[in-house]
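>>> what shape does this take:
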Amino acid sequence: MSIQEIQQSLMQREAQLKYELVHQLNQKGHVQSASQSHFNMSLTELIELMSQQNLTDTPLFGQLTRLDAALCQLELGLYGLCSDCESDIEPERLAADPTEQRCACCAEKHRNEHRQELRLSH
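So this is what the prediction gives:
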């Protein structure tokens, strides 16, 4: 996949997530009349808005932060590198989720560590 194709895929995902966010905000009444202006906000601004509205525990927040990271990595020429070990992320993982941040090995380690954190916090 070329850089342009990756960027186009990520931008389409951004539009989809912005639509979902506006829909969610309107439904839950978190902001008065979430509107077209939210579509014009940067991902950083949307992430900040969600933080202010105490929506950081939502799946959408995680998706937006991963998308923001992927776009930044693309800009820096680091897209497709594991955020933990810096090895190439497997192409099939990126094809399944273009915002993937970890190779399969590091993703498994992260899941196990996170699972342990959840056990310790309860």
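>>> shaky segments in the chain?
28-36, 116-122 (pLDDT under 70).
>>> for C85, helix, strand, or coil?
coil (DSSP: H, G, I helix; E, B strand; the rest coil).
>>> got phi/psi on it?
phi -110, psi -10 (degrees, to the nearest 10).
>>> which one is it nearest to, not counting chain neighbours?
C106 (5.4 Å; CB to CB, 6 or more residues apart in numbering). Where C-beta positions appear, they are placed from N, C-alpha and C, glycine not excepted.
>>> I'd say that neighbour and E86 touch.
No. In terms of CB atoms under 8 Å, C106 does not count as a neighbour of E86; the distance is 9.7 Å.
>>> more neighbours, the two?
Counted by other CB atoms under 10 Å, C106 and E86 do not tie: C106 has more neighbours, with 17 against 10.
>>> contact partners for the more buried one?
Going by CB atoms under 8 Å, 6 or more residues apart in numbering, C106 touches 82-85.
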